[in-house]
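> Structure, please.
(one chain, ligands or ions: 1)
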Amino acid sequence: MAAEITRVGVVGLGTMGAGIAEVFARAGLNVVGVERDDAALAAGQGHLRSSTDRAVGRGKLTEGEQAELIGRVRFTTALDDLAGVDLVVEAVPERLDLKRELFGRLDAVVGPDAVLATNTSSLSVTAISAAVSRPERVVGLHFFNPAPVQALVEVVSTVVTSPGVVAAVTELARRLGKTPVACGDRAGFVTNALLFGYLNRAAVMVETGHAAREDIDAAMTAGCGYPMGPVALLDLIGLDTAHEILVTMYRQGGDRLHSPAPVLGQLVALGMLGRKTGRGFYDYA
Ligand code: CAA
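Numbering: from 1, shown residues only. Here you go, the predicted model:
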């Protein structure tokens with residue numbers, strides 16, 4: 001039987017990392033949340049506060065429960081504070097060099113039985129795992145945005161990931177109330193491999209004047225029952241993240257569907273990254 005995971009850490013408290021920390025804390029787990037400096041740590045705390053404020057505002061959480069939830073997250077800039085955890089989930093930006101360097105440092109900090117998980121959306125879990133002395137204890141644990149809401153977690157195994165590690169994180173995902181899906185280490189795993197060609201085509205449609213952004217979104221919500229249209233979803237994911245995912249998938253698979261629509265790179269160059277900066281395809285000001 002797989003050892004139960006009870007002590008967890010999250011490194012990187014951006015949109016995804018803060019959401020993942022919230023998921024753990026909601027399930028009653030104590031979380032060590034790590035960021036690189038005080039400003040990023042404060043931003044991560046802000047994410048957790050505003051996300052749980054929304055739940056309080058809707059009467060889903062009392063202020064006392066919110067305080068308890070936030071109190072379960074220990075915010076720190078010291079990676080050494082992860083020494084006692086059973087699992088670390090890495091959620092730093094989608095750059096292989098950054099992730100490999102971090103995994104090398106984590107390898108030296110956490111105990112020999114700890115599991116090292118990456119929330120990467122499209123990078124190779126295998127390439128990340130090659131940076132540590134225990135690649136069999138490395139797994140992909142891919143959450144979806146917004147992490148507190150979306151039920152899916154992709155559990156990604158490399159050719160050397162231990163079945164015990166897969167069983168332990170799958171059991172954890174269920175304890176968090178999520179739906180785990182197992183897959184191999186292929187570009188985009190299951191969901192992004194299917195989703196990103198569609199999102200990219202929607203960006204091309206905006207760019208070429210095929211249809212207006214509102215009409216593209218209305219077509220997919222009203223016509224196909226999607227909760228959100230593709231243009232709005234790109235803004236939710238973040239155009240920088242979406243662009244990085246497409247670049248990686250195009251490089252790995254060579255499918256023209258994944259060759260990023262130029263407008264994505266242009267909006268990123270302008271700092272218009274979607275909801276998180278107040279402007280992307282839509283204006284949120
Ligand atoms: N954080 C926490 N909770 C949030 C939230 C957030 N950012 N956004 C919404 N919620 C919660 C709300 O509080 C609300 O909760 P309750 O039902 O408990 O009251 C619930 O979600 C619904 O929210 P709203 O009523 O405000 O809005 P909605 O019904 O229009 O749903 C949505 C919003 C959940 C974002 C929905 O439109 C949706 O599911 N969209 C699709 C999102 C999607 O496809 N995500 C995957 C992106 S791909 C990805 O993440 C992979 C990758 O690697 C990039």
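> ranges for the helices of the stretch 151-285 of the chain?
Ranges of helices in the stretch 151-285 of the chain, per DSSP state H, counting those that start in this stretch, are 163-175, 191-208, 213-224, 230-237, 239-253, 262-269.
> how much space between the closest residue to Thr6 other than its chain neighbours and Phe196?
Take Thr6 and drop its neighbours on the chain: the residue closest to it by C-beta to C-beta, 6 or more residues apart in numbering is Asp86, 6.1 Å away. C-beta here means a position set from N, CA and C on the backbone, and glycine is covered the same way. Asp86 is 32 Å from Phe196, where distance means C-beta to C-beta, to the nearest Å.
> if you count what's nearby, which of these two comes out ahead?
Legend: neighbour count by other C-beta atoms under 10 Å for Asp86 and Phe196, higher for Phe196 (26 against 19).
> What's the separation between that one and Ala203?
10 Å.
> The lengthiest helix in the chain: which residues count as buried?
Criterion DSSP state H: the longest helix present in the chain is helix 38-57. For helix 38-57, the neighbour count (16 or more other C-beta atoms under 10 Å) marks 40-41, 44-45, 47-48, 51-52, 55 as buried.
> Out of those residues, which comes closest to Gly238?
Set against Gly238, the nearest of those by C-beta to C-beta is His47 (13.1 Å).
> Apart from its chain neighbours, what residue comes closest to that closest one?
Going by C-beta to C-beta, 6+ apart, His47 has Ala18 as its nearest residue, at 3.5 Å.
> now swap in Ser162 and tell me
Glu136 is the one closest to Ser162 (C-beta to C-beta, 6+ apart), at 4.4 Å.
> do the same with Ala127
Excluding its sequence neighbours, the residue lying closest to Ala127 (C-beta to C-beta, 6+ apart) is Leu96, at 6.0 Å.
> hang on, isn't that neighbour packed against Thr126?
No - counting by C-beta atoms under 8 Å, Leu96 stays clear of Thr126, with 11.0 Å between them.
> Name the SS class of Leu13, please.
coil (DSSP: H, G, I helix; E, B strand; the rest coil).
> Please list all residues in contact with it.
21, 33-35, 40-41, 43-45, 47-48, 75, 91 (C-beta atoms under 8 Å, 6 or more residues apart in numbering).
> What of Leu116?
By C-beta under 8 Å, 6+ apart, the residues touching Leu116 are 88, 90, 103, 106-107, 110, 129, 132, 134, 137-139.
> Among those residues, which lie within strands?
Using DSSP state E to define strands, the subset of those located there is 88, 90, 138-139.
> the domain parsing of this structure - what is it?
If you go by automatic domain parsing, the domain ranges for the chain are 7-184, 192-277.
> Count the residues that sit near the nearest residue to Thr170 once chain neighbours are set aside.
Spatial nearest neighbour of Thr170, chain neighbours left out: Pro180 (4.7 Å); criterion: C-beta to C-beta, 6+ apart. As a burial measure, Pro180 scores 18 neighbours (other C-beta under 10 Å).
> my guess is Pro180 meets Ala173, correct?
Yes - shown here, Pro180 and Ala173 form a contact pair, counting by C-beta under 8 Å, at 3.9 Å.
> distance between stretch 111-126 and the chain's centre?
Centroid separation for stretch 111-126 versus its chain: 12 Å, with C-alpha atoms, centre = their mean, to the nearest Å.
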